[in-house]
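A.B. asks: test case, fold it:
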Amino acid sequence: MSFDTARRQSGVGVALLKRLIVYVDQIQKDEVAQLTDTTPAQLARALKFWHGLCNLKAAATTLHVLPIQVKALISRGVLRSVKLGTALRYVYLEDLDTLTAAVSNLPRVENSAGYLPIKQYCREKGIGLVRMIQLWQIGEAEDLVQSGEVQGLQSIYVPYEAGAVRTRQKLTDDLTPAETARYLRIGVRSIRALRNAGILRQIARRNPDTNHRHSVITQDSIRAFERQYLTLGQIAEGAKATPIHMARKMDRAEIPVIEETACFVRVYRRVSLPAELRGRQA
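C.D. replies: Next up is the predicted model:
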């Protein structure tokens, strides 16, 4: 069967159809040039695979999130994806169905007192929505419910009490400056100051979808930071206090901040802290 005939039968462009067949049948690079026609069986396999995929925009619409958040769900292993010889990435519909079914199976409450919409909860608690979904998927976020008129992931409500999330974020990769700020409970401006002082190390990484390069703080430098320092936000979190009240307490106790940065940052050496304030382990 010629590819023109296959295109007319399937409604899929020739270039994409060839990429699908190459991927599904795992055709080797040296054999691609010889691919001048296809068989009905090859066409059926390729179309079955294609109909089980959707692009990032469609996935974002289904989940009621942004396409960039779909990419983050892929990076964290919540969703699988595939690239078919181009920078475009496609999500498996099976994974989308599994995730939306899990949301639908959450207990539904009419009275959401004591709960917050997941977007608001994440904003107030300083945790990324995608990270919250990952914690839920691995069983580390409890007692989530479904409420409201919004669909997809935005319909999830989280208990306001901090116990809903049982563990802190685990550091498993390099982080962007904004992600590092959330992880270390400090502002992005302070992250830049720590980077400029050489305490945190920033590198450029290529985005596989766009080939653009973006900056990340290396995982190793964040771990090295945690072994020596604590931020005000981390100390306040461990003490179950607000940062502003903890800052006043630190100032009254005359506990000094580090001096290596060109501007003032609320970062403290672990060795300078009282034992009861060193609770956040590296």
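A.B. asks: now the stretch 151-282 of the chain, which segments are flagged as low pLDDT?
C.D. replies: Along the stretch 151-282 of the chain, the model assigns pLDDT under 70 to residues 161-170, 207-211, 278-282.
A.B. asks: can you give me the helices for it?
C.D. replies: Ranges of helices within the stretch 151-282 of the chain are 177-184, 188-196, 219-228, 232-239, 243-252, based on DSSP state H, counting those that start in this stretch.
A.B. asks: and the last one, what does it pack against?
C.D. replies: Under the contact criterion of 3 or more Cβ pairs under 8 Å, 6 or more residues apart in numbering; DSSP states H and E, helix 243-252 touches helix 232-239. (C-beta placed from N, C-alpha, C; glycine too.)
A.B. asks: and the helix it packs on, how far from the chain's centre?
C.D. replies: 23 Å (Cα atoms, centre = their mean, to the nearest Å).
A.B. asks: extract the CA atoms of that helix and return them as PDB.
C.D. replies: Extracted as PDB, the C-alpha positions of helix 232-239 are listed here (Å, rounded to 0.1, in the frame of the first residue of the first chain):
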ATOM      1  CA  LEU A 232      14.300  31.700  58.100                       C
ATOM      2  CA  GLY A 233      11.400  30.000  56.300                       C
ATOM      3  CA  GLN A 234      12.800  26.500  57.100                       C
ATOM      4  CA  ILE A 235      13.400  27.400  60.800                       C
ATOM      5  CA  ALA A 236       9.900  28.900  61.100                       C
ATOM      6  CA  GLU A 237       8.400  25.800  59.500                       C
ATOM      7  CA  GLY A 238      10.200  23.500  61.900                       C
ATOM      8  CA  ALA A 239       9.100  25.600  64.900                       C
END
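A.B. asks: is the most centrally placed residue in the chain in a helix, a strand, or coil?
C.D. replies: Closest residue to the average C-alpha location of the chain: Ala72 at 3.7 Å, with Cα atoms, centre = their mean. Secondary structure assignment for Ala72 (DSSP: H, G, I helix; E, B strand; the rest coil): helix.
A.B. asks: picking that back up, now render the helices of the stretch 151-282 of the chain as a markdown table, adding mean neighbour count.
C.D. replies: Shown next, in a markdown table, are those (neighbours: other Cβ atoms under 10 Å):
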| stretch | mean neighbour count |
| --- | --- |
| helix 177-184 | 20 |
| helix 188-196 | 19 |
| helix 219-228 | 15 |
| helix 232-239 | 21 |
| helix 243-252 | 14 |
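A.B. asks: now the ones you listed as CSV including distance to Val109?
C.D. replies: Listed next are those as CSV, based on distance: least, Cβ to Cβ, whole Å:
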stretch, distance to Val109
helix 177-184, 28
helix 188-196, 36
helix 219-228, 38
helix 232-239, 28
helix 243-252, 32
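A.B. asks: out of these, nearest to Ile68?
C.D. replies: Ile68 sits nearest to helix 177-184 of all the helices of the stretch 151-282 of the chain, at 12.1 Å, using Cβ to Cβ.
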